[in-house]
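Asks: coords below, sequence missing:
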């Protein structure tokens, strides 16, 4: 049996084929870049129809190459927080708001949760522009004829499948889900102003979907395959990294970045205490993931490469190797603003300590090291809820592409043990392990057996591959 894994990210959409142990099959990968519309006012949107077209092109490519034979299960990981307004026919009434969009604002004169701390504990979220409690009223004021709302993955799968309810993992990213009861939270729904029928149906445990007839004819190899409930990309990345218990935290750097820790908390079980600075979402009905996220990651390199005329290849490697992670330019990497609970708008990045000798590589290194320090601060908060310091597994396309960045993380996170998971497709791998019901085995199948020790923060910066033009991944 093989597994088709779909990764519905921000910078690309990908389809790849894995074996029964969630190992990627050589060459069985199709990828399409995604055009993300960004603007100075905080816009961060995607075109839903173009996104769907990119996914179907990936499936066509895999089918043409013969990679869809023996597929019995389809797993999906997808970006959290996205939302698109739909009409009665299920067609988009505007672009998809992604996690990067900072325009939604709390309506003037409207009160928030009655007890903000209790609200945060129940939903793992805040009354914040990133969540549907603020996004839905903002969209409704600007969109005529809204019949219902969906996330990007529900829209895409709704076009392909006989049904596409929202998984508890994706629902937790809306900020409207009661994480213990696994039902829409009444207060959060009221804040969102959601009317009956406007929110997606929630997928039951062990939900399975099938392709619509037309698409089953297009990809007959998938006609009998079962599609499983999507997993939020951050949760999937933890599982794919083998970080599935409180001993081990995942730091993932793709397009954006995050630090997260997974705990087993079955539905109906009391939730652990949640520090006020951290969010909490669902992996599935059995596990929760707690952490912090940042709007900056591999997109820092993309910006620097586009703006600063960086050297390329070995020249950039050598220039970074000459810089010690703790001696670089001071920088605030919040170019895209804050993820919750912060409220800084897009354009909040800063550089400190510029001189006439400052060059493009100094600026890049300062931004990268700035993100490392933000992660270190939040990891300390995350550790406050567990019994002992954790070890860290680094993953994601951007950090895999940069040996210097990995060493900078090792320095910022010292004295913790820091390892690196070199496999780029950790999100897809994690989604497949969730679909297989093998989350407890993820440490063996997806993580520690394939990690490598990162350089000691006291050693010289490594000379391996550094940041490249393809560094940004999907998160």
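Replies: Alright, I've got the coordinates. All figures in this text were calculated on a predicted structure; none of them were measured in a lab.

Asks: from here on, contacts and neighbour counts on C-alpha atoms
Replies: Noted.

Asks: tell me which residues of stretch 371-384 come out buried.
Replies: Buried residues in stretch 371-384, counted by 16 or more other Cα atoms under 10 Å: 371, 372, 373, 374, 375, 376, 378, 379, 381, 382, 383.

Asks: likewise stretch 256-270?
Replies: In terms of neighbour count (16+ other Cα under 10 Å), stretch 256-270 has its buried residues at 256, 257, 258, 259, 260, 261, 262, 263, 264, 265, 266, 267.

Asks: which intervals of the stretch 301-450 of the chain have sub-threshold pLDDT?
Replies: Judged by pLDDT under 70, the stretch 301-450 of the chain has its weakly predicted residues at 446-450.

Asks: could you pull out the strands for it?
Replies: Using DSSP state E, counting those that start in this stretch, the strands of the stretch 301-450 of the chain run over 330-332, 350-352, 391-395, 418-421.

Asks: compare those strands and give me the one nearest residue 14.
Replies: Among the strands of the stretch 301-450 of the chain, the nearest to residue 14 by Cα to Cα is strand 391-395 (17.3 Å).

Asks: so how far is the closest one from its chain's centroid?
Replies: Here strand 391-395 shows a centroid-to-chain-centroid distance of 16 Å under the convention Cα atoms, centre = their mean, to the nearest Å.

Asks: repeat that for stretch 257-270.
Replies: 15 Å.

Asks: which residues are in contact with it?
Replies: Outside of stretch 257-270, the residues within contact range by Cα atoms under 8 Å, 6 or more residues apart in numbering are 179-182, 234-235, 238, 243-246, 248-252, 271, 285-298, 375, 378-379, 382, 475.

Asks: how long is that stretch from one end to the other?
Replies: This stretch, stretch 257-270, spans 29 Å end to end (Cα to Cα, to the nearest Å).

Asks: still on that earlier bit, ok, the buried residues of stretch 256-270 vs residue 189, which is closest?
Replies: Using Cα to Cα, residue 267 is the member of the buried residues of stretch 256-270 that lies nearest residue 189, at 20.0 Å.

Asks: the residue lying closest to residue 158 once chain neighbours are set aside: what's it in contact with?
Replies: Distances taken as Cα to Cα, 6 or more residues apart in numbering put residue 164 closest to residue 158, at 4.9 Å, once the chain neighbours are dropped. Applying Cα under 8 Å, 6+ apart, we find residue 164 in contact with 154, 157, 158, 209.

Asks: can you give me the helices for the stretch 151-300 of the chain?
Replies: Listed in chain order, the helices of the stretch 151-300 of the chain (DSSP state H, counting those that start in this stretch) span residues 152-160, 168-172, 186-192, 213-218, 233-240, 298-307.

Asks: could you pick out the longest helix of the protein?
Replies: Secondary structure of the chain read by DSSP state H shows that its longest helix is helix 360-383.

Asks: for that helix, enumerate the helices and strands it packs against.
Replies: Packed against helix 360-383 by the contact rule (3 or more Cα pairs under 8 Å, 6 or more residues apart in numbering; DSSP states H and E) you find strand 257-264, strand 287-294, helix 298-307, helix 313-321, strand 330-332, helix 403-413.

Asks: and residue 46, which of these is closest to it?
Replies: Short answer: helix 298-307, nearest of the helices and strands packed on helix 360-383 by Cα to Cα, at 16.2 Å.

Asks: got a list of contacts for stretch 13-22?
Replies: If you take Cα under 8 Å, 6+ apart as the criterion, stretch 13-22 is touched by 1-8, 24-25, 28-34, 51, 54-55, 58-59, 62, 67-68, 428-429, 432-433, 445-446, 474.

Asks: of those residues, which belong to strands?
Replies: Residues of the contacts of stretch 13-22 located in strands (DSSP state E): 2-8, 24-25, 28-33.
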